[in-house]
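Colleague: Sharing a sequence plus its predicted fold:
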Amino acid sequence: MSHVPVTLRWEGEVGGHLVLLDQTRLPREVVEFPCRTVEEVWDAIKRLVVRGAPAIGVAAGYAVCLSVKNGRASVHDVVEACRYLATSRPTAVNLFWALARMRRVAEAATAVDGPALAEALLAEARAIHEEDRQMCAAMGRHGADLLADLPEGAGILTHCNAGALATGGDGCGLAPVFELARRGKRPHVWVDETRPLLQGARLTAWELTQRGIDCTLICDSMAATVMRAGKVQAVMVGADRIAANGDAANKIGTYGVAVLAEAHGVPFYVTAPTSTVDLTIPSGDAIPIEERSAEEVTEGFGRRTAPVGVRVFNPAFDVTPYRLIRAIVTERGVFEPK
Ligand SMILES: CSC[C@H]1O[C@H](OP(=O)(O)O)[C@H](O)[C@@H]1O
């Protein structure tokens, strides 16, 4: 049985609906979350029911198809759906990349509404999904080639979740690990739990154990000690937006891991599809960083661990400067930021 989770799927044809794997319920429950309106997908992205830059982009493409009514799409409704979905989360550029593709389909329509546009929108959303599947497979191959010379049992540290759950296919940051395993290698993955939402503990550890890939879960604060003990031979993470100079935004804590990697002489790699690259911004300083609620820090998962009213800073991402990145793996190959 394949252990690649189905992060999201479109059910039916025009007039169908989007089905998400509810990532807020993992690892305890594998529960599907059907979405029949644009608003429901907006909420699912906001609450991280679906999350991860590529997966957010694929979900947004299908979400625009939910603006179709009675088999007919209208340019006005598509434009409105794209505008609304763009307000869900600001950092992952894949969201805006996918919405721009859907909007271009509407703007190219010969009729301002009708069944033809509805068909064209679903075809574009499916194309975005299939392209993401292919990009994941290519990133896995290029990344595994890059790591091929690591000794058997080498340690690879990762932060957050950049596995299949973060994409429409078989992962980005973790795709090279999955491919190494397919090739019979046995890397050992050090999994940062990734506070405050624990994507590493809840999602990455789940994906790896499902596949029988050796892994050890650690608190984020333990990464330095693990590297100092010589247990990490490479760091591999995903990205939510890569600026033109190679600066990369990823889950909060990634920058700290990159600094630790440099301090311990460990190569730090980013694996992301080119749909994550934003050439419109010159450097990471211009990447919008999402700030999330204080409750995610003070009472994560419903258990209060900090005094009521304490001031909280909860940025969901940080930016790793390109000088700390040994190479960026995309579906087109491996690039070394200059
Ligand atoms: C490369 S996509 C996975 C990426 O998305 C995560 O953020 P979130 O869980 O808030 O969507 C994190 O930055 C991962 O690296």
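Modeller: Nice, thanks for sending it over.

Colleague: So what touches stretch 203-210?
Modeller: Among residues not part of stretch 203-210, those counted as contacts by Cβ atoms under 8 Å, 6 or more residues apart in numbering are 3, 5, 23, 26-27, 158, 160-165, 171, 174, 177, 189, 191, 194, 214-215, 217. Using the backbone N, CA and C atoms, a C-beta is placed for each residue, glycine as well.

Colleague: Go again with 6 Å.
Modeller: Stretch 203-210 is touched from outside by His3, Leu26, Pro27, Asn161, Gly163, Leu165, Val189, Val191, Cys215, Leu217, with contacts defined as Cβ atoms under 6 Å, 6 or more residues apart in numbering.

Colleague: swap in stretch 14-30?
Modeller: Identification of contacts with stretch 14-30 by Cβ under 6 Å, 6+ apart yields 5, 7-11, 31-36, 44, 49-51, 62, 71, 118-119, 122, 165, 202-203, 206.

Colleague: before we move on, what about stretch 95-110?
Modeller: Residues external to stretch 95-110 that are found in contact with it (Cβ under 6 Å, 6+ apart): 56-57, 60-61, 64, 75, 78, 82, 85-86, 117, 120-121, 124, 128, 275.

Colleague: re the thing from before, the contacts of stretch 14-30: which ones sit near the ligand?
Modeller: Counting by Cβ under 6 Å from any ligand atom, Arg51 from the contacts of stretch 14-30 sit close to the ligand.

Colleague: What about the contacts of stretch 14-30, which are in helices?
Modeller: Restricting those to those inside helices, with DSSP state H as the criterion, leaves Ala44, Tyr62, Ala118, Glu119, Leu122, Trp206.

Colleague: from these, which single one is nearest the ligand?
Modeller: Of all the ones in helices among the contacts of stretch 14-30, the one with the least separation from the ligand (Cβ to the nearest ligand atom) is Ala44, at 11.8 Å.

Colleague: Just give the closest residue to that closest one, not the sequence neighbours.
Modeller: Leaving aside its sequence neighbours, Ala44 sits nearest to Val50 (Cβ to Cβ, 6 or more residues apart in numbering; 5.2 Å).

Colleague: Now do that neighbour: how many residues are near it, please.
Modeller: Here the count is done by other Cβ atoms under 10 Å, and Val50 has 26 residues near it.

Colleague: List the contacts of it.
Modeller: Val50 neighbours (Cβ under 6 Å, 6+ apart): Leu20, Ala44, Ala59.

Colleague: residues in contact with the residue nearest the centre of the chain?
Modeller: For the chain, Gly52 is the residue whose C-alpha lies nearest the centre (Cα atoms, centre = their mean; 2.2 Å). Gly52 is in contact with Ala166, counting by Cβ under 6 Å, 6+ apart.

Colleague: Quick check: which ranges of the stretch 51-200 of the chain have low pLDDT?
Modeller: Judged by pLDDT under 70, the stretch 51-200 of the chain has no weakly predicted residues.

Colleague: and with 90 instead?
Modeller: 109-114 (pLDDT under 90).

Colleague: roughly how far apart are the residue of the chain found nearest the ligand and Ala111?
Modeller: Of the chain, the residue with the smallest distance to the ligand, taken as Cβ to the nearest ligand atom, is Gly238 at 2.5 Å. Gly238 is 40 Å from Ala111, where distance means Cβ to Cβ, to the nearest Å.

Colleague: The two: which is more packed in?
Modeller: In terms of neighbours (other Cβ under 10 Å), Gly238 is the more surrounded of Gly238 and Ala111; the figures are 30 against 12.

Colleague: The more buried one and Cys172 touch, don't they?
Modeller: Yes. At 4.7 Å, Gly238 counts as touching Cys172 under the criterion of Cβ atoms under 6 Å.

Colleague: Common neighbours of those two, please.
Modeller: Listed contacts common to Gly238 and Cys172 are Ala162, Ala272; contacts here mean Cβ under 6 Å, 6+ apart.

Colleague: Chain neighbours aside, what residue packs nearest to the residue with the largest distance to the centre of the chain?
Modeller: Relative to the centre of the chain, the most outlying C-alpha is that of Ala111, 35.1 Å out, by Cα atoms, centre = their mean. Here the nearest residue to Ala111 in space, its sequence neighbours aside, is Leu117; by Cβ to Cβ, 6+ apart that works out to 6.8 Å.

Colleague: Ala261 now?
Modeller: Leaving aside its sequence neighbours, Ala261 is closest to Phe268 (4.2 Å, by Cβ to Cβ, 6+ apart).
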